[in-house]
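Q: Provided below for reference: sequence and predicted model.
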Amino acid sequence: MFDNGPDYLEDGLFRIIQNGKIGYADKNGVIVIEPKFECADQFENGIARVALDCTLVKDESDPEHSRMESDSWFRSEEHTSELQSH
């Protein structure tokens, strides 16, 4: 999956970055899940894939985009800070 540019609102949330960590805020900008992730996907059907440790890898065939890689992805449930092993 590639990640580039600002998010659109998905499942009522969008990703935010504070101090280099990713979290989620609602449509009013209120933080719903505190920024603590190195990498995080947008929410889809109430679930987002997140990782506490992650590397952004440039794609040589498409240098405009980066790919997120981690060996320790989790699932974050919508509107909670609960994590579940993926």
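A: Done, it's in. Please read these numbers as outputs of a predicted model, since none were measured by experiment.

Q: what is the neighbour count of residue 67?
A: Taking other CB atoms under 10 Å as the neighbour definition, residue 67 ends up with a count of 14. Quick note: C-beta positions are derived from backbone N, CA and C, even for glycine.

Q: partners of the helix or strand where it lies in the sheet?
A: Using DSSP states H and E, residue 67 sits within strand 62-69. For strand 62-69, the paired strands and their directions (DSSP bridges) read strand 2-3 (antiparallel), strand 55-59 (antiparallel).

Q: hey, what's residue 21 bridged with?
A: When bridges are called by DSSP bridges, residue 21 pairs up with residue 18.

Q: repeat for residue 74
A: Going by DSSP bridges, residue 74 is paired in beta bridges with residue 50, residue 85.

Q: I'd like the distance between the residue located most distally from the centre of the chain and residue 67.
A: Largest separation from the mean C-alpha position in the chain: residue 61, at 23.4 Å (CA atoms, centre = their mean). Applying CB to CB, to the nearest Å, the value for residue 61 to residue 67 is 11 Å.
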